[in-house]
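S.K.: Return a 3D structure for these sequence lines:
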Amino acid sequence: MKPFPNSTHNCFHHDGDVKIVRSKLDHAKYLQDHLRLTDIRECMIHSATPWRALHYPLRRKDSDTWTGLYKDVPAVMFGVVPINGDNDIRSGQIWLLGTDEIDKHARKFMRSTVDMLNYIQRSWYTLENVVPIEHQKTLNFLHFLGFEFSDNVVNINGFACVRFVRCNPNKDLQFG
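M.R.: Predicted coordinates:
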């Protein structure tokens, strides 16, 4: 796979204080104790502890998981876990869990977010997940990144959520 812009030998992407590297257990161990309250809540909605949500993708050989570092300290982990289904259409569950640092330094992280998402999307027909309907900041962020939203509310463990999907523009798919 073609390297992401600004790749260096030891990291996937480097732009000032922000680096994107392959996730390690140490990143998950740090982040599990430093997540934003909204991210802890999302873990709870999905009946997962922060530990499980961060470590599960690292144990799967078929998932892709990255860590965004701010001044070499983990600020966010994100990735894609394959969704079982039609073998001809590669779909993935995209996720992101982070600390308050990504909100404090949003502009620094935003510079590489769109490029990173486009890089990830090349390997997947669709990227999707659900988000609590009252997490307006997350919904706005996903809209900015080009995700589309279902008109139907999904109930997950008593919480109203909405499904979001981003289709690969190079594949003949539509969300509908």
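
S.K.: which residues of the protein fall in strands?
M.R.: Here the chain has its strands, by DSSP state E, at 13-15, 18-22, 64-70, 73-82, 91-98, 126-132, 148-156, 159-167.

S.K.: Report all helices and strands that the fourth one contacts.
M.R.: To tie it back to what came earlier, the one meant is strand 73-82. helix 25-31, helix 50-59, strand 64-70, strand 91-98, helix 101-104, helix 106-121 (3 or more Cβ pairs under 8 Å, 6 or more residues apart in numbering; DSSP states H and E). Quick note: C-beta positions are derived from backbone N, CA and C, even for glycine.

S.K.: and the fifth one, what other elements does it pack with?
M.R.: To tie it back to what came earlier, the one meant is helix 101-104. So helix 101-104, by 3+ Cβ pairs under 8 Å, 6+ apart, packs with strand 64-70, strand 73-82.

S.K.: Let me see the mean pLDDT of that helix.
M.R.: On average, the pLDDT along helix 101-104 is 92.

S.K.: OK, contacts around the spatially closest residue to Val154 that is not a sequence neighbour?
M.R.: In this structure, Val154 finds its nearest non-sequential neighbour in Cys161, 4.8 Å apart by Cβ to Cβ, 6 or more residues apart in numbering. Cys161 makes contacts with 45, 130-133, 153-155, as judged by Cβ atoms under 8 Å, 6 or more residues apart in numbering.

S.K.: list the contacts for Ile20?
M.R.: Contacts of Ile20 by Cβ under 8 Å, 6+ apart are 4, 11-14, 66-69, 112, 116.

S.K.: Can I have the buried ones of these as a PyMOL selection?
M.R.: Of those, the buried ones can be selected in PyMOL as follows, counting by 16 or more other Cβ atoms under 10 Å:
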select buried, resi 4+11+12+13+14+66+67+68+69+112+116
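
S.K.: quick one: which of the contacts of Ile20 is nearest Asp39?
M.R.: Using Cβ to Cβ, Gly68 comes nearest to Asp39 of the contacts of Ile20, at 13.5 Å.
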